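Enquirer: need a 3D model of the sequence below.
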Amino acid sequence: MTESDKIKRGVWVIAEKPSDKEVATLVKKLHLEVGHIEDALDEDEMPRLEREGNQSYIFVRYPFKTSDGDMDTAPLLVMVSEDNLLTVSKYPIKAFDKFVSGKNSVITTQRTKLLLLILAEISQAYENQLRITTRRIKQIRTRLRNQKITNQDLIDFVLLEDELNEFLASLLPNNATLRRLLAGRYIPLFEEDQDLVEDLLLINDQSIEAIRANLRSIDNIRNAHTAISSNNLNKTITFLTLATIMVALPNVFFGMYGMNVSLPFQHNHWVFIALIIVNITLIGTILGFAKKKNLI
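Expert: This is a model prediction of the structure:
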């Protein structure tokens with residue numbers, strides 16, 4: 001690919017975070033609907049497919065990394081006309097670097113094929129990010145087996161869950177748009193193009209199932225951690241309760257014989273040994289009962 005400073009027939013026009021002046025220029029030279037350009041710059045815009053005259057407007061959502069390092073999605077508009085292909089996005093799309101740098105060879109005059117290549121790169125971006133997310137979940141699951149999950153892991157789970165839900169909310173309407181595109185009413189598709197759209201649908205379906213599986217894994221790990229923490233807490237409370245009883249019982253007897261009142265056998269030298277034997281017997285009985293009831 002080569003860069004051109006003029007909008008002419010057969011070029012791919014890439015608009016990333018265009019200014020108001022640039023939007024006005026695009027609308028004028030390509031005869032666009034300004035409302036669609038504004039929608040493409042709205043972060044909450046959902047995927048859809050529209051046609052105005054001889055122009056088809058395909059809205060999809062693509063994943064990108066924010067300045068904080070988190071993953072998010074944003075809308076991408078692909079406008080296909082008889083003369084040009086236009087992409088409008090609020091943030092730079094790294095997937096385009098393969099085309100612009102010449103790493104992936106494309107012919108911009110083959111607009112339908114270029115559109116499908118762009119959609120394929122977006123699907124691949126989702127799939128790549130899902131692999132990273134799945135790997136992170138498995139790492140935390142390994143720490144659960146060793147009971148070494150930290151508070152930071154739980155915070156990461158919340159962030160991962162939000163990320164997966166955002167991907168799911170984007171991929172489902174993306175797939176609906178692809179199915180409408182497959183019908184051929186908006187853009188004519190050859191048999192080879194239809195096969196590619198069907199492959200994209202399959203890839204997206206697999207990504208959707210992977211997202212749902214990851215969400216179930218997060219939920220299962222969180223529930224398991226809650227159950228383990230609750231069980232450990234119960235064991236700790238039981239241990240402390242038994243320790244309190246074993247410390248308190250001897251104090252009862254030794255406290256009584258430490259008072260300045262007359263008590264049975266207080267003048268006999270064997271009383272101290274008898275108290276020790278009685279306390280040991282009581283403690284042993286309590287421990288035996290606790291062990292029988294699986295309290296310890």
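
Enquirer: any chance you could map the strands in the chain?
Expert: Taking DSSP state E, the strands of the chain run over residues 12-16, 48-52, 55-65, 71-80, 85-89.

Enquirer: of those, which approaches Leu144 most closely?
Expert: Closest approach to Leu144 among the strands of the chain is made by strand 71-80 (23.1 Å; C-beta to C-beta). For every residue, glycine as well, the C-beta is placed using N, CA and C.

Enquirer: output that closest one as PDB - backbone C-alpha positions only.
Expert: The C-alpha trace of strand 71-80 is given here as PDB (Å, rounded to 0.1, in the frame of the first residue of the first chain):
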ATOM      1  CA  MET A  71      -9.100  -3.800  27.600                       C
ATOM      2  CA  ASP A  72     -12.200  -2.100  26.300                       C
ATOM      3  CA  THR A  73     -14.200  -2.000  23.000                       C
ATOM      4  CA  ALA A  74     -15.100   0.900  20.800                       C
ATOM      5  CA  PRO A  75     -17.200   1.300  17.600                       C
ATOM      6  CA  LEU A  76     -15.700   1.100  14.100                       C
ATOM      7  CA  LEU A  77     -17.600   2.400  11.000                       C
ATOM      8  CA  VAL A  78     -16.800   0.800   7.700                       C
ATOM      9  CA  MET A  79     -18.500   2.600   4.800                       C
ATOM     10  CA  VAL A  80     -18.400   0.800   1.400                       C
END
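
Enquirer: let me see the mean pLDDT of it.
Expert: Mean pLDDT, strand 71-80: 92.

Enquirer: adjacent strands (with direction) for it?
Expert: Strand pairing for strand 71-80, using DSSP bridges, gives strand 55-65 (antiparallel), strand 85-89 (antiparallel).

Enquirer: and the angle for it with strand 12-16?
Expert: 150 degrees (axes from the mean of the first three to the mean of the last three C-alpha atoms, to 10 degrees).

Enquirer: can you give me how far strand 71-80 is from the chain middle?
Expert: Here strand 71-80 is found 19 Å from its chain centre; the criterion is C-alpha atoms, centre = their mean, to the nearest Å.

Enquirer: follow-up on the earlier one: for the strands of the chain, which one sits closest to Leu172?
Expert: strand 55-65 (10.2 Å).

Enquirer: can you name every helix or strand that the helix ranked longest in the chain contacts?
Expert: If you go by DSSP state H, the chain has its longest helix at helix 191-256. The contact analysis (3 or more C-beta pairs under 8 Å, 6 or more residues apart in numbering; DSSP states H and E) places helix 191-256 against helix 111-145, helix 151-182, helix 271-292.

Enquirer: for the protein, what are the low-confidence residue spans?
Expert: Along the chain, the parts satisfying pLDDT under 70 run over 253-254, 256-263, 265-267, 295-296.

Enquirer: picking up where we left off before, Phe289 is nearest to which of the strands paired with strand 71-80?
Expert: strand 55-65 (59.0 Å).

Enquirer: return the distance of the closest one from the chain's centre.
Expert: 20 Å.

Enquirer: ok, stretch 160-171 next?
Expert: On C-alpha atoms, centre = their mean, the centre of stretch 160-171 falls 6 Å from the chain's centre.

Enquirer: for stretch 208-215, same thing?
Expert: Its chain's C-alpha centre and that of stretch 208-215 lie 9 Å apart, by C-alpha atoms, centre = their mean.

Enquirer: picking that back up, mind putting the strands paired with strand 71-80 in CSV, distance to Asn223 and mean neighbour count included?
Expert: What follows is the strands paired with strand 71-80, written out as CSV (distance: least, C-beta to C-beta, whole Å; neighbours: other C-beta atoms under 10 Å):
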stretch, distance to Asn223, mean neighbour count
strand 55-65, 28, 21
strand 85-89, 39, 23
